[in-house]
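**Q** Sequence and predicted model, in that order:
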Amino acid sequence: MKPAPFVYRRPGSLAEAVAALAGEPNAKVLAGGQSLVPLLSMRLAAPAMLVDINAIPGLDTITVEDGGASGVRVGALARHAAVLASDDVRRVQPLVTQALAHVAHATIRNRGTTVGSLVHADAAAEMPVVLTLLGGSLEVEGPAGRRTIPASELYLGPLESSLAPDEIAVSAFFPGLATGAGVAFQEIARRHGDYALVGAAALVEGESVKVGYLSVSDVPTVVDLSGVDDADLGEAALAQLEPMDDIHATAAYRAQLVRVITTRVVRSAREGM
Amino acid sequence: MTTKLMGQAVQRVEDQRFLRGLGRYVDDVAVEQDVLHAAVLRSPHAHARILDIDVSEVLDVEGVHAVYTYDDLASCTPQMAEPLPLLIPHPSLTHGRTQHALAKDEVNYVGEAIAFVVADDRYVAEDAVGRIRVDYELLPPVVGVEAARAAAVLVHDDVPGNVAARMEQSVGDAPAAIAAAPHRLALDLTVERSACMPMEGRGTVARWDPDLNRLQVWTSTQSSTGVRAAVAVKMGLDLGQVDVITPDVGGGFGVKINHPWPEELLVPMAARALGRTVKFTEDRREHFISSAHERGQVQHIEVGFDDDGRLHGLDVEFWHDHGAFIPYGLIVPIITSTQLLGPYKPQSYRVRFESLYTNTVMVTPYRGAGRPQGCYAMERTMDAIADYLGKDRAEVRAVNFIQPDEFPFDQGLVFQDGRELEYDSGDYPAMLEKTKALVGWDEFPAFRAEMAAEGRQVGIGLACYVEGTGVGPYEGAHVHIETNGKVKVATGLTTQGQGHATVFAQLVADELGCSFEDVEVVTGDTRRMPYAVGTFASRAAVMSGSAIHLAAKRAKEKVLRIAAEALEADEKDLQIVDGVVSVKGSPGTSIDLGTVSVLSNPLRYAFDEKSKAATQFSIGDPGKPPVAEDDEPGLEGKDFYSPERATFASGMHAVIVETDPETAEITILKYAVVHDCGHLINPMIVEGQIHGGVAQGVGGALYERMAYDESGQLLNASFMDFLMPYVTEVPDGIDIDHLETPSPLNPLGIKGAGEAGVIPSAAVFAAAVEDAERGRLPDFTIRAMPISPSELFHLRESQGQEQTS
Amino acid sequence: MSEELHDVRLMVNGATHELRVPARRLLSDALRHDLRLTGTHVGCEHGVCGACTVLVDGAPMRSCLMFAVSAEGAEVTTVEGLANPDGSLGPVQQAFAECHGLQCGFCTPGFLTTITAGLRENPTPTHEEAREMVAGNLCRCTGYQNIVKAVERAAELGS
């Protein structure tokens, strides 16, 4: 389990990084590497070039943005651990903090980056669901300059995002929690720290009830449950979901977990209002 | 007088190295830059014919030194191209098949070694493996016991029915006794595969010394002497030309007792051919698909009993999935078939099994080695009887116990070592009482009611086992007292974390009277002790412990003889305390062990002050030969321990679990263990062994399985998907109580302790989860383990429907 | 075609090392093979078991999930760097010895580094926090019971 050879570049600026990516169609960006390196070591991926962005200054910031859309902006090199520990994040959007506590184990969070997790586009991961549920966005830079990808347009399929191969994610924007709104995050996993069998994030604002699911479908999926009676939440969610089957849980069992967790997570979000 | 160390929780001496990062595991040996590294091309298919192997692209890779396929093996020796040894033959094993070091013509499981590449480093070796092209003709695979029994497809063309062995043993006429019994039940049970999964995989380093014509092999094994013999035979060397050294081993749990693994032969072969040190370090994926698994069985049980639940007859038939090859023989199913009886007297018993080939990784012993399956069969049966009669589960067990005055108790069967299954000692009724008290058996109904009032469902389970430990044939030990007073001890079996360097030093210090700190123990080095068997069957403390005790006694005898002469005293009047021999009552008349050692070896040459004192001009009676006729120079003791038969440890586990009515998640609330391994050498270490066994048992019962698909691909060959417990999955606290019924078979009265913790897990968790579920579904039964929440959910659905329909 | 080599400066346990390694050389392998600090063990090479955990600028990280080139300039602490300056066992090591927190010793270095950093952040963990502190490391021998005790004991010893 050793990676195949690759060309390594460690640019000192975003411009250099974009240039390096542009020069090699089969290149990958290396940030935290906590998802990428296992794929390389198992030789499930063998990019010709890795562009290590860890030496680029200014990408590890976590900033509160006010104005038209208030929320938190998390830089591409902000580690999960830093985002989890940020009081600003907890205050502005507690769902991010709640979800991060479920991301792998603490040691992985020390190196892994939140933006990296968003770009990796794993439907079993926590952060893509959170970004999707909150209607956040990703800011990316490529040869044509910067653009913003709304979360709703980010996830195309399993491990597939709408980033172009020559684009680098620079930051993610998580909208803040509106006054009077509530959020909650819950998971049911085989082992503590594992990818969830089913996970759910809830956002309740007035009459609006939305729940995002991880590990249920092959992309992060948000379901609108506004106006549904509490007793029917689970079934209403299932009507819009098609749970997957794998070695850890059958589709029927996942459906059961969706029923249970939907009720629990919505209740918990309401309690937080 | 020095305090006896036997029975003391002495801190481990090996930890000083381990805690500083100074352990020396096999991958830590030979870290020089010029060492070559190997990687293996493994079959991606479960069953296929190899049509062609093209290695032409490999030799272009810079840094590749050699690539070997089956066709190259004979150039080493003709026997290298023969199948690997069938280590433990048995008359019932009529169709034993073993693999070749590299696949010949056909592959029979995903992971089977096909080609072996040696390169500058492992990275380059893996690059090269990726360039080998193999043409396969795919054959249909056999996966699982059902497919093996159906035998629509054969794993090996020349093995009809996929059956390697059929075996039967019986005592009395069980079918007749069952037919005549007041009550009868039948159960169909299954257990799935798991694996040892030590944190360190396999690994081998070999260095050929052309000047000495000698091979040195370091390997992560549970049997150095076994590997040595196998390597010598395959390499065409005399035993005396091969040294095998087992350095620190990062866990074994059974998988490293099988030998030789292909790489244990291929590495020495390449080292000699290339004249370079060669290293193979197995990676985790390889460990999943090319090292052994265990546990998979399907069982059918028929039992006849009376109104008290007393067994009249027990008739068991089971099918054992041993994978693609059977190098370790029938040990696992024989143990299942015999140890199934546990602490009970079945009155009459028949057991029949078939050991079946499948196109999956081979099966060799994993901690417990067939006992967990046997315990599961027996204890599920006990629970079923209690349920049928509406009796307390503990009571039904108690009426079937062998009583303390019935030892030695002969079960009338032949055990895995070819000896009678005769239990030496135990006290099962006392153990049951302790277990019930420890877990709160009698208080449980009140607790259940209390929890039910909160809407929570809890259950309790109990499982009992007897474990034959310390099987022969023998182990030996050598004790050498140096002239500086240090005591060097060697025994041949190997160590994988059991703290042998500590417990064996305790025994030596006690027997010899030296200080514990002066004792240094070496295990698993054939240069130090070439006669040994290995570490398995919870035998190290019993076998090597006894041998070391005896060897220390020999050394002590010589110490006393020489000291008596030097001190002009009677041997009977001497004592040894803290490494000093003195005359009892006159402490001034003394001599230290180092000086006795000097006196034991008359020298012609003096090198230092100590040796000057030992020259023949200084010591001895000039009228006699310097070394007496029946004596030998040096202060050493050597002895071997070879028991008539195994000694039988026993234990009982009880667990309280909670099951979530909605998510079917299973939570452990309390875990209690009562354990009897005779006299304890070091209770801290014994408890550590129990903790580890319980954790592995939790894994095996609730989390771990080998998930093969129908094409024979292992779907969960990583730590992401093979769910070994973290701290968060094991009980927070394990309550342990001991019973010490000494074994009459060895001088220390000890029994083995290593495997015990894992034996009753499947049984005890099946019982507890079933019990919890019966709050809502009174006829809920579990017949397959392990059980995941997903499976529990489906059992609820199917059995709930049955009960409402 | 030879693989490109990169110059890397690693500070490990207070000493600076200059290496020339291919970009793909994992930090775990660089520590073990290039620097011969074999106390850091490799148990799974996919970041799950934690045996290879080292401290990078004080924070526990999986050395099998980092490339040596990415650790350029970082300060790395391995198990070999946990003893007291006088050579005696550090508090976490001492606690493991007292509590029988290890058996085969293979996973131990990863636990020791993880706990060292954990206690630095939280010197007086509750029982639950002590368990949580080691929840990302696998051990196949001990059943974790004595490892948790060792965390609590190390806190007493004051790390």
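**A** Structure received. Residues are numbered from 1 along each chain as shown, chains lettered A, B, ... in the order given.
**Q** show me what contacts the residue of chain A found nearest chain B?
**A** Relative to chain B, the nearest point of chain A is A:H192 (3.6 Å; Cβ to the nearest Cβ). Quick note: C-beta positions are derived from backbone N, CA and C, even for glycine. Counting by Cβ atoms under 8 Å, 6 or more residues apart in numbering or on different chains, A:H192 touches B:726, B:728-729, C:135.
**Q** which of these sit farthest apart?
**A** For these, the farthest-apart pair by Cβ to Cβ is B:E729 and C:A135; their separation is 9.5 Å.
**Q** Skipping its backbone neighbours, what lies nearest residue 59 in space?
**A** I'll assume chain A. A:L77 (4.0 Å; Cβ to Cβ, 6 or more residues apart in numbering or on different chains).
**Q** that's the other chain; I wanted chain C
**A** Here the residue nearest C:A59, using Cβ to Cβ, 6+ apart, is A:N110, at 4.3 Å.
**Q** surely B:L311 meets B:M378?
**A** No. Assessed by Cβ atoms under 8 Å, B:L311 is found out of contact with B:M378, at 9.8 Å.
**Q** more crowded one of the two?
**A** Shown here are B:L311 and B:M378; by other Cβ atoms under 10 Å in any protein chain shown, B:M378 has more neighbours (30 against 27).
**Q** Is that one part of a helix or strand, or is it coil?
**A** helix (DSSP: H, G, I helix; E, B strand; the rest coil).
**Q** which ones are touching it?
**A** Applying Cβ under 8 Å, 6+ apart, we find B:M378 in contact with B:340-342, B:344, B:763.
**Q** Please report how far it lies from A:G136.
**A** Between B:M378 and A:G136 the distance is 58 Å, computed by Cβ to Cβ, to the nearest Å.
**Q** what's the answer for A:T97, then?
**A** Distance from A:T97 to A:G136, by Cβ to Cβ: 14 Å.
**Q** Which of the two has more residues huddled nearby?
**A** A:G136 (25 against 19).
**Q** near chain B, which residues of chain A?
**A** A:1-5, A:42-43, A:188, A:190-195, A:197, A:247-250, A:252-253, A:256-257, A:260 (Cβ under 8 Å from any Cβ of the partner chain).
**Q** ok, and the closest non-adjacent residue to residue 116?
**A** Going with chain A. A:G116 sits nearest to A:A31 (Cβ to Cβ, 6+ apart), 4.3 Å away.
**Q** Chain C was what I was after
**A** Counting by Cβ to Cβ, 6+ apart, the nearest residue to C:T116 once its immediate chain neighbours are dropped is C:V92, at 5.2 Å.
**Q** if I've got this straight, B:A449 is in a strand?
**A** No. Looking at B:A449 with three-state DSSP, it is helix, so not inside a strand.
**Q** give the contact list for it.
**A** Counted by Cβ under 8 Å, 6+ apart, B:A449 has zero contacts.
**Q** Kindly provide the distance from it to chain A.
**A** Applying Cβ to the nearest Cβ, to the nearest Å, the value for B:A449 to chain A is 25 Å.
**Q** what about the stretch 1-150 of chain A, any weak spots by pLDDT?
**A** A:67-68 (pLDDT under 70).
**Q** coming back round to it: name the residues that touch the one helix or strand the residue nearest to C:T116 maps to?
**A** Taking DSSP states H and E as the criterion, C:V92 maps to helix C:91-99. Outside helix C:91-99, the residues that touch it by Cβ under 8 Å, 6+ apart are B:11-12, B:15-16, B:19-20, C:82-83, C:88-89, C:101-102, C:108, C:111-112, C:115-116, C:119, C:146-147, C:149-151, C:153-154, C:156-159.
**Q** any idea how far A:G75 is from A:L133?
**A** From A:G75 to A:L133 the distance is 21 Å (Cβ to Cβ).
**Q** Compare those two (neighbour count), which wins?
**A** A:L133 (26 against 22).
**Q** my guess is A:V64 meets A:V74, correct?
**A** No. Using Cβ under 8 Å, A:V64 is not in contact with A:V74; the gap is 10.8 Å.
**Q** who has more neighbours, the two?
**A** Neighbours were counted for A:V64 and for A:V74 using other Cβ under 10 Å; A:V74 has more, 28 against 15.
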